[in-house]
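1. next comes the sequence, and after it the predicted model I'd like to discuss.
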Number of protein chains: 4
Amino acid sequence: MRQETIDRIRRFSEERDWDQFHSPENLAKSIVIEAAELLECFQWDGGKFDVQHVKEELADVIVYAQDLLDKLGLDADEIVNMKMEQNERKYPVEKAKGKANKYDQL
Amino acid sequence: MRQETIDRIRRFSEERDWDQFHSPENLAKSIVIEAAELLECFQWDGGKFDVQHVKEELADVIVYAQDLLDKLGLDADEIVNMKMEQNERKYPVEKAKGKANKYDQL
Amino acid sequence: MRQETIDRIRRFSEERDWDQFHSPENLAKSIVIEAAELLECFQWDGGKFDVQHVKEELADVIVYAQDLLDKLGLDADEIVNMKMEQNERKYPVEKAKGKANKYDQL
Amino acid sequence: MRQETIDRIRRFSEERDWDQFHSPENLAKSIVIEAAELLECFQWDGGKFDVQHVKEELADVIVYAQDLLDKLGLDADEIVNMKMEQNERKYPVEKAKGKANKYDQL
């Protein structure tokens, strides 16, 4: 995200004095709550969904993920690259290509 | 995230031919599955957690969120700003300051 | 469930002195964590799943749900009947038949 | 649950012709969606919660769990006893007493 979007998320909480509620644990709960609302868009028919609703719920997930990054002083690029390195090792192209299996079942 | 990090996420799926598994519904399921693994870091004691583990699970959430953005041709900045506008309206500073209530209970 | 199954669940926690960890909040977290592991059985192909794995994860959800009932002194029959009454009112047969819509969109 | 409560849950779906929506996958999604609504009761303050709301959301989890048992022809007592046997082996009293660690960290 652009820095100004990240700043808007931070300002939103600061202005409302909500940092007191944003423990890492509460943010982790919030991410799963919003992720489940996102899933609700696909509850009974995975192929037919309201894009506007998906946008709103996905945005909620991203906002709380940013809040948790901020709370823990983490950088999205750093942790994602660290994890992608693990993923690339666990799922070598020649073994994983075209397969949805977990790494321990490849 | 930086463009090169986003590109790494895309390349990872492309090289493994995983686009076939990445329906919006499957990605929504994956986000909630990873969000619950993140929550597991705080399952029995919300105040004591393994930061490295949190980093890995949060990264997984962010990666699948990026996959869903890509799948639907969405832009993180656009949908987050759209949602923040809604949030700012639903939670006016003067009403919401210091309160954890939902907007319909302010 | 039969009383002896419920008793087995209770004895399991008592013998391990785990009541201290079973706050209502921690049990609610545990239910969602296990529910997501259940969903993982259907992550990439909803139609192909390992029944034994589904049994184990569904059992985990039921066990933690029983733990929460116990913690709050609730009776499954009582709360389910209370909720079914609400559901029957919210989804009248003549309106809801054959439709997957939410009650406010019927 | 008593047989008449289970019958009420079954009749509710039958009368509304909802079996068509109740694939195992859709029910697994529904369980995690309701479990997250249950968790929402504890989102910002795990110690202060609305018992009536908890009852309703926990009932929803139990109802969908029963729907999934029915869909797969499973018996709650059977799968819970099978799982409790695994749990008793994985968490021997002498090792697990008073500890919240996962079995592989005992």
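-> Great, that's in hand. Residues are numbered from 1 along each chain as shown, chains lettered A, B, ... in the order given.
2. the worst-scoring helix or strand of chain A on mean pLDDT and chain C, any residue contact?
-> Across the helices and strands of chain A, mean pLDDT, DSSP states H and E gives its lowest value to helix A:93-96, namely a mean of 96. No. Against chain C, helix A:93-96 shows no contacts by Cβ under 8 Å from any Cβ of the partner chain, the least distance being 12.4 Å. For every residue, glycine as well, the C-beta is placed using N, CA and C.
3. remind me what that helix packs against, helices and strands.
-> Here helix A:93-96 touches helix B:3-16, going by 3 or more Cβ pairs under 8 Å, 6 or more residues apart in numbering or on different chains; DSSP states H and E.
4. what mean pLDDT does the helix it packs on have?
-> Helix B:3-16 shows a mean pLDDT of 98.
5. and the next element down the chain from that helix?
-> Using DSSP states H and E, the helix or strand that follows helix B:3-16 towards the C-terminus is helix B:24-40.
6. helix or strand right after that next one?
-> Later in the chain than helix B:24-40, the nearest helix or strand by DSSP H and E is helix B:51-71.
7. are there helices or strands packed against that next one, and which ones?
-> Checking 3+ Cβ pairs under 8 Å, 6+ apart, helix B:51-71 ends up next to helix A:24-40, helix A:51-72, helix A:76-90, helix B:3-16, helix B:24-40, helix B:76-90.
8. go with 6 Å
-> helix A:51-72, helix A:76-90, helix B:24-40 (3 or more Cβ pairs under 6 Å, 6 or more residues apart in numbering or on different chains; DSSP states H and E).
9. what's the separation between the nearest residue to residue A:42 once chain neighbours are set aside and residue A:51?
-> Distances taken as Cβ to Cβ, 6 or more residues apart in numbering or on different chains place residue B:25 nearest to residue A:42, at 4.1 Å, with adjacent residues excluded. For residue B:25, the distance to residue A:51 equals 13 Å [Cβ to Cβ, to the nearest Å].
10. hmm, back to that, my read is that the residue nearest to residue A:42 contacts residue A:45, right?
-> No. Residue B:25 lies out of contact with residue A:45 (Cβ atoms under 6 Å); the separation is 8.9 Å.
11. what about those two, which has more around it?
-> Neighbours per residue (other Cβ atoms under 10 Å in any protein chain shown) separate residue B:25 from residue A:45, with residue B:25 holding more: 21 against 12.
12. and stretch A:34-47, end to end?
-> Criterion Cα to Cα, to the nearest Å; first-to-last residue distance in stretch A:34-47 is 20 Å.
13. which residues touch it?
-> Stretch A:34-47 has contacts (Cβ atoms under 6 Å, 6 or more residues apart in numbering or on different chains) with A:49, A:53-54, A:57-58, A:60-61, A:64, B:25, B:28, B:31-32, B:35, C:100, D:21, D:26, D:29, D:32-33, D:36.
14. pLDDT (mean, whole number) over that stretch?
-> Averaged across stretch A:34-47, pLDDT comes to 97.
15. buried residues in it?
-> The neighbour-count criterion (16 or more other Cβ atoms under 10 Å in any protein chain shown) identifies A:34, A:35, A:36, A:37, A:38, A:39, A:40, A:41, A:42, A:43, A:44, A:46 as the buried residues of stretch A:34-47.
16. what about residue A:95, neighbour count?
-> Around residue A:95 there are 12 other residues, counting by other Cβ under 10 Å.
17. for residue A:20, that is, sorry about that
-> 11.
18. sorry, back to before: figure out how far the least confident helix or strand of chain A is from the centre of its chain.
-> 26 Å (Cα atoms, centre = their mean, to the nearest Å).
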